[in-house]
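Engineer: A predicted structure for the sequence below; I have some questions about it.
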Amino acid sequence: MPEKEKNDARGPSRREFMRKSLRGALAAGFVFSAADSQTLSITRNTLPLKGLSPVLSGFKIAFASDFHHGPLVPIEDIRNAVKMINGLFADVILLGGDYISKDTSYYDAVFAQLSRLSAPYGVYSVPGNHEYWTGVSTYTEKLARTPIVDLTNTGFTVRGGLYIAGLDDEWTGAPGADAAVSAAPAGVPRIVFTHNPCLADSLPPEYASLILAGHTHGWQVYVPMVTRWAMPIDTMRKYRAGYYRTPAGLMYVARGVGLYYMPLRFCASPEIVLFTLVPSPLGEG
Ligand SMILES: [Fe+2]
């Protein structure tokens, strides 16, 4: 019998075995990544801030965005997010908009859950583009019935020397960069949060020590190189997730809590972000 036929008679060749094993490993990796991509987690950052008073060392800021409660994001997911955020014992909680997707009847349930958020310096909100697309007055009216404070284009000073401000949505709202920081004491670090990270491109240089944004969902289904190329909206290509250095200041783009359009995330898992501030003469800001 020829050599090749002898091998075939003993079963699959070594090469075929390797091919099948590789295919199996890739399939298992894909399934694991897809499953892991749906799990909400907490991203913890320690952030050295130039000019931060030592009395505020250890001050904690929680940021969560893009809840999108609706048919694709059940209320259990929102309840779970609230539990996780409260478990961080943050000093202040900032919410970056997109509470619903299309149907404003979901506001009552999502705000009922978010009303349970608690922090010594309060819970604050700015609207996202979905608030505008569905009629921003509904968001404003519903939010006014909660303990959450709308911080659109305004801010406040934390005793000890930290200014926190919110900015309106870049796409659909009317961001007031000057108004938001008009009450900021000179030389005090500024934390600014908004929905759309593209707003950073039109803010004055060195506007904030830290800019927080959401909106991108980490591109929700992220396949390196492919997703950027296939992105249907040009302005979504620039920022995806994580830290960016911008002329206006250091920015962190959070991947958000919920999802939109399709019930799937891939390599862009949902996140809540926690920043612990520490003073540093060489730090950011
Ligand atoms: Fe969103």
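Structural biologist: That came in fine, so what should we check first?

Engineer: show me which positions of stretch 167-179 end up buried.
Structural biologist: 167-173, 175, 177, 179 (16 or more other CB atoms under 10 Å). Quick note: C-beta positions are derived from backbone N, CA and C, even for glycine.

Engineer: try stretch 176-189
Structural biologist: Per 16+ other CB under 10 Å, stretch 176-189 contains these buried residues: 177, 179-181, 184, 188-189.

Engineer: contacting residues around Tyr124?
Structural biologist: Listed by CB atoms under 8 Å, 6 or more residues apart in numbering, the contact set of Tyr124 reads 92-95, 148-151, 164, 166, 193.

Engineer: among the residues you listed, which ones are buried?
Structural biologist: By 16+ other CB under 10 Å, these give 92-95, 148, 150-151, 164, 166, 193 as buried.

Engineer: closest to the ion among those residues?
Structural biologist: Looking at those and their distance to the ion, the nearest is Leu95, at 12.2 Å (CB to the ion).

Engineer: tell me the contacts of the closest one?
Structural biologist: 63-65, 114, 123-126, 148.

Engineer: Serialize the contacts of Tyr124 to CSV and add fields for distance to the ion and pLDDT.
Structural biologist: Below are those laid out as CSV (distance: CB to the ion, whole Å; pLDDT from 0 to 100):
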residue, distance to the ion, pLDDT
Val92, 22, 98
Ile93, 18, 99
Leu94, 15, 99
Leu95, 12, 99
Ile148, 18, 98
Val149, 21, 98
Asp150, 18, 98
Leu151, 18, 98
Ile164, 22, 98
Gly166, 16, 98
Phe193, 14, 99
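
Engineer: okay, those in TSV with secondary structure next?
Structural biologist: Converted to TSV, the contacts of Tyr124 look like this (DSSP: H, G, I helix; E, B strand; the rest coil):
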residue	secondary structure
Val92	strand
Ile93	strand
Leu94	strand
Leu95	strand
Ile148	coil
Val149	strand
Asp150	strand
Leu151	coil
Ile164	strand
Gly166	strand
Phe193	strand
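
Engineer: distance check, the closest residue to Gly135 other than its chain neighbours against Val126.
Structural biologist: Closest residue to Gly135 apart from its sequence neighbours, by CB to CB, 6 or more residues apart in numbering: Thr104 at 6.8 Å. Here Thr104 is placed at a distance of 18 Å from Val126 (CB to CB, to the nearest Å).

Engineer: more neighbours: which of these two?
Structural biologist: Val126 (30 against 16; other CB atoms under 10 Å).

Engineer: now do the more buried one, the pLDDT please.
Structural biologist: pLDDT recorded at Val126 is 98.

Engineer: residues in contact with it?
Structural biologist: Val126 neighbours (CB under 8 Å, 6+ apart): 95-97, 150-152, 166-169, 193-195.

Engineer: next one: His69
Structural biologist: Contacts of His69 (CB under 8 Å, 6+ apart): 75, 77-78, 99-101, 106, 109-110, 258.

Engineer: 7 Å instead?
Structural biologist: By CB atoms under 7 Å, 6 or more residues apart in numbering, the contact set of His69 is 75, 78, 99-100, 106, 109-110, 258.
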